[in-house]
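Peer 1: Provide a 3D model corresponding to the input given below.
(4 chains)
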Protein chains: 2
Amino acid sequence: MKVLIVEDDPLHRSYLHEAVNAALPECDTVIEAENGTAGEKLARDHKSAHIVMDLQMASRNGIEAARTIWKERPETRILFWSNYSDEAYVRGVSRIVPDGAAYGYVLKSASDERLKLALRSIFIESQCVIDREVRGLQQKSLGQTNGFTDSEYEILVDIALGLTDRAIAKRRSLSLRSVQNRLQQLYDKLDVYQTAGDDHEDGRFNLRARAVTIAFLRKLLNYSALERAEAELQEWLDGK
Amino acid sequence: MKVLIVEDDPLHRSYLHEAVNAALPECDTVIEAENGTAGEKLARDHKSAHIVMDLQMASRNGIEAARTIWKERPETRILFWSNYSDEAYVRGVSRIVPDGAAYGYVLKSASDERLKLALRSIFIESQCVIDREVRGLQQKSLGQTNGFTDSEYEILVDIALGLTDRAIAKRRSLSLRSVQNRLQQLYDKLDVYQTAGDDHEDGRFNLRARAVTIAFLRKLLNYSALERAEAELQEWLDGK
DNA sequence: CAACAAGCTGCGGGTTTACGCAAGACGGCG
DNA sequence: CGCCGTCTTGCGTAAACCCGCAGCTTGTTG
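Peer 2: A predicted model of the protein is given here:
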C-alpha cells in the first residue's frame, strides 16, 4: 500500500510522514509532493489510491488538485488535512467529492490520535471521517436553516468577482430582474442591513460590496474560493 | 536574556524553540504563547524585549498583538515570522513599527541558516532584517512606482468594507466628488478596465466590486487586513 | 383538479455610481 | 511674483443598482 502526501510545509510534511508510518504498518511506501501540481503528477504516475492532502498551498491548492485526481480515478481516497474549517473550504470540498467516494476532513489542530484514527478509517475501512467542527458547518450549510442555497452562493460569488447584474444574467441565463431578486435574497440572509437605527440616513452601506465583505468575514468566501471562481470566470469569458 | 515565541502552530512553535536555542546561546529562557492575546499578556508580564511573532493567528493576529506590545514598550524587538509576504501584511507591519525600532520579517520558507542569522541580527545587534522578497514588495509599495498612495489604499479599504461614497466622504472628511476622484485613481491603478476589446459591451464589470476582487487576488488585501479595517470601522461608527 | 408556495420576469421609479468639464486652492520653482 | 502640477470641489448626465408591485410558470400537496 502506497500513500501520497501533498503538503507544502516541510514541518507538517514530515510530521504527516511519521503519522502515516505509525498508523499504517501495512503501508510500505510514502511519497511526498510539496504542491498541488506535483501532487497531481505523482498521483497519476503512481496510481496511488491513498492521498493526504493539504488545502491551501501556494502553487495549486488542494481542492483543485483533488478535483483533477478524482476526475481521473474517482475511487481514490483522499484525506484533507487543513488548518481551517472555513465554510468556503467545506463547500468547495463537498462540491467535488465523487459519489460514494471515501474521503476525510481533519483539522491540523486535531490530536495525533485523531489523525491516526482517521488515516485508518479512510484508507483501510473506506469510511468517511469528517471532523466534528467541519461536520457542524456542513450540516448548517447544506441544510436550509441559516444556510445558503446553491443559487445564493452562486450570486455571492458572482458579485464577489465584480460582475454587473447584466453580466451575471448572461452568465447564469437569467433575466436582469431575477438576478436582482437573488441579490435581495442574499442581502437578507447576510443581514447586510445592520445599521441598527440610524436616524438620519448617515452611514449606509453599499449593499453589494458589503455583502462580499461580510461573506469574507464569515469565511463564506476566502482567497482560495475567489481564485477558483476567477479562473472559472476567465474560462467562461474566453468561451464566449 | 529572554525570548518570547508567539505562534499558534505547535510544530512551528517547537521548531522555533529549537532554532532560538541553537542560534542564541545567551538566551536562558524561552516562553511560548499560542495566540496573540496570550502573547500580549506574556510580553507584559515578563517585560520581554525579544519576541518572535507569527502573523496570522486565529484568536488575535500578529499585527494587532505587535501594535499593543509596541505601544507599551516601543524598544521591544520583534521578529515577524510568516508564511506569506502579502502586500497587505507588509503594509500592515510597516504601518505599526515605531520609529527606530529593530524588527525583522522572515518567511517561513527561509532556511534554518537564514532564520538563525536573523535572530542574532535583530536580538543581539539590533538590526533590521527584512526578507529579500518582502523587501522588494516594500520598495515597490512605498515608492510611488506602481505602488499605492496611502490615500489610495485608504479608499480601497473603505470600499472593501462596503461603505458608500457618501459614508466615505463623511469618514475621511472629503466631498463626495473627491471620494469619487480617488476611486477613479484607484480604478486606474488596479487596471480594472481589463475587458480587452469587447466589441459589444457585454462582460462589463462593476468597477467598485471588481477593484476589491483584484486587490484580493493581488494580495493587496487579505483577511487579516479586512478584519482590522472592520474593527476600526466599528469603532468609528460607535464614536459618532 | 384546485390550491398554494416558490421562483422567473417585466414595469417603474428613487438612489447611487462613474465620470467629463471646469473653477478654485495650495505648494514648489525659476 | 507668475507659471505649473496636484488636489479638491461643484454641476450635470448616463448608466447601474435597489426594490415594490404584479402577472406567469412550475412543482407539490391534499
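
Peer 1: Which elements pack onto the helix or strand bottoming out on mean pLDDT in chain A?
Peer 2: Least confident helix or strand of chain A, by mean pLDDT, DSSP states H and E, is helix A:132-142 with a mean of 77. Identification of packing neighbours for helix A:132-142 by 3 or more Cβ pairs under 8 Å, 6 or more residues apart in numbering or on different chains; DSSP states H and E yields helix A:87-96, strand A:103-107. Where you see a C-beta, it was placed from the backbone N, CA and C, and this is true even at glycine.

Peer 1: List the buried residues in stretch A:176-186.
Peer 2: Buried positions in stretch A:176-186, judged by neighbour count with 16 or more other Cβ atoms under 10 Å in any protein chain shown: A:178-179, A:182-183, A:186.

Peer 1: Convert that stretch to CSV, retaining C-alpha atoms only.
Peer 2: Extracted in CSV, the C-alpha atoms of stretch A:176-186 (Å, rounded to 0.1, in the frame of the first residue of the first chain):
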residue,chain,number,x,y,z
LEU,A,176,-31.9,41.0,-15.0
ARG,A,177,-34.7,41.1,-12.6
SER,A,178,-34.1,37.6,-11.4
VAL,A,179,-30.6,38.3,-10.7
GLN,A,180,-31.7,41.3,-8.6
ASN,A,181,-34.2,39.1,-6.8
ARG,A,182,-31.5,36.7,-5.8
LEU,A,183,-29.3,39.5,-4.7
GLN,A,184,-32.0,40.7,-2.4
GLN,A,185,-32.4,37.2,-1.1
LEU,A,186,-28.7,37.2,-0.4
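
Peer 1: Contacts for that stretch next, please.
Peer 2: Residues outside stretch A:176-186 that contact it (Cβ atoms under 8 Å, 6 or more residues apart in numbering or on different chains): A:151-152, A:155-156, A:159, A:165-166, A:168-169, A:172, A:174, A:207-208, A:211.

Peer 1: let's see 7 Å
Peer 2: Applying Cβ atoms under 7 Å, 6 or more residues apart in numbering or on different chains, the contact partners of stretch A:176-186 are A:151-152, A:155-156, A:165-166, A:168-169, A:211.

Peer 1: Counting neighbours, which of these end up buried?
Peer 2: For the contacts of stretch A:176-186, a burial check counting by 16+ other Cβ under 10 Å picks out A:152, A:155-156, A:165, A:168-169, A:211.

Peer 1: mean confidence score for the helix ranked longest in chain A?
Peer 2: In chain A, assigned by DSSP state H, the helix with the most residues is helix A:223-239. Helix A:223-239 shows a mean pLDDT of 91.

Peer 1: average pLDDT for stretch A:107-123?
Peer 2: Here the average pLDDT along stretch A:107-123 is 94.

Peer 1: ok, now stretch A:158-174?
Peer 2: 95.

Peer 1: Which stretches in chain A count as strands?
Peer 2: Secondary structure of chain A (DSSP state E): strands at A:2-6, A:29-33, A:50-54, A:77-82, A:103-107, A:129-130.

Peer 1: How about A:M57: what's its closest non-neighbour residue?
Peer 2: Computed as Cβ to Cβ, 6 or more residues apart in numbering or on different chains, the closest residue to A:M57 that is not its neighbour in sequence is A:D8, at 4.3 Å.

Peer 1: what does A:L55 give?
Peer 2: Per Cβ to Cβ, 6+ apart, closest to A:L55 is A:G62, 3.9 Å.

Peer 1: How about A:N61?
Peer 2: Counting by Cβ to Cβ, 6+ apart, A:S224 is the residue found nearest to A:N61 once chain neighbours are left out, at 5.1 Å.

Peer 1: Surely the one you found touches A:Q56?
Peer 2: Yes. Between A:S224 and A:Q56 there is a contact at 6.3 Å, judged by Cβ atoms under 7 Å.

Peer 1: so who does the residue nearest to A:N61 touch?
Peer 2: A:S224 makes contacts with A:55-56, A:61, A:63, A:88, as judged by Cβ under 7 Å, 6+ apart.

Peer 1: Nearest to A:N35, out of those: which one, please.
Peer 2: Distance to A:N35 across the contacts of A:S224 (Cβ to Cβ) is lowest for A:N61, with 8.9 Å.

Peer 1: how much space between that closest one and A:S82?
Peer 2: Separation of A:N61 from A:S82 (Cβ to Cβ, to the nearest Å): 10 Å.

Peer 1: Name the residues contacting each of the two.
Peer 2: Joint contacts of A:N61 and A:S82 (Cβ under 7 Å, 6+ apart) are A:L55.

Peer 1: ok, which residues in chain A are in contact with DNA strand D?
Peer 2: With the criterion set to Cβ under 7 Å from any atom of the strand, chain A comes near DNA strand D through A:164-166, A:177, A:180, A:183-184, A:187, A:206-208.

Peer 1: would JSON lines of these with distance to A:H50 be doable?
Peer 2: Output for the residues of chain A next to DNA strand D, formatted as JSON lines (distance: Cβ to Cβ, whole Å):
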{"residue": "A:T164", "distance to A:H50": "45"}
{"residue": "A:D165", "distance to A:H50": "46"}
{"residue": "A:R166", "distance to A:H50": "47"}
{"residue": "A:R177", "distance to A:H50": "50"}
{"residue": "A:Q180", "distance to A:H50": "47"}
{"residue": "A:L183", "distance to A:H50": "43"}
{"residue": "A:Q184", "distance to A:H50": "46"}
{"residue": "A:Y187", "distance to A:H50": "44"}
{"residue": "A:N206", "distance to A:H50": "48"}
{"residue": "A:L207", "distance to A:H50": "46"}
{"residue": "A:R208", "distance to A:H50": "44"}
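
Peer 1: Among those residues, which ones are in helices?
Peer 2: A:165-166, A:177, A:180, A:183-184, A:187, A:207-208.

Peer 1: these two touch, right, A:E34 and A:D8?
Peer 2: Yes. Under the criterion of Cβ under 7 Å, A:E34 makes contact with A:D8 at 5.1 Å.

Peer 1: ok, which pair from the buried ones among the contacts of stretch A:176-186 is furthest apart?
Peer 2: Among the buried ones among the contacts of stretch A:176-186, the pair separated by the greatest distance (Cβ to Cβ) is A:A169 and A:A211, at 17.6 Å.

Peer 1: Which of the contacts of A:S224 has the largest number of neighbours?
Peer 2: A:L55 (27 neighbours; other Cβ atoms under 10 Å in any protein chain shown).

Peer 1: A:L79 against A:G104, yeah?
Peer 2: Yes. The pair A:L79 and A:G104 qualifies as a contact (Cβ under 7 Å) at a distance of 4.2 Å.

Peer 1: Pull up the overlap in contacts between these two.
Peer 2: Joint contacts of A:L79 and A:G104 (Cβ under 7 Å, 6+ apart) are A:118, A:122.

Peer 1: Just list the residues touching the closest residue to A:R208 other than its chain neighbours, thanks.
Peer 2: Of all residues not flanking A:R208 in the chain, A:I159 sits nearest, at 5.5 Å (Cβ to Cβ, 6+ apart). Taking Cβ under 7 Å, 6+ apart as the contact definition, A:I159 lies against A:208, A:211-212, B:209.
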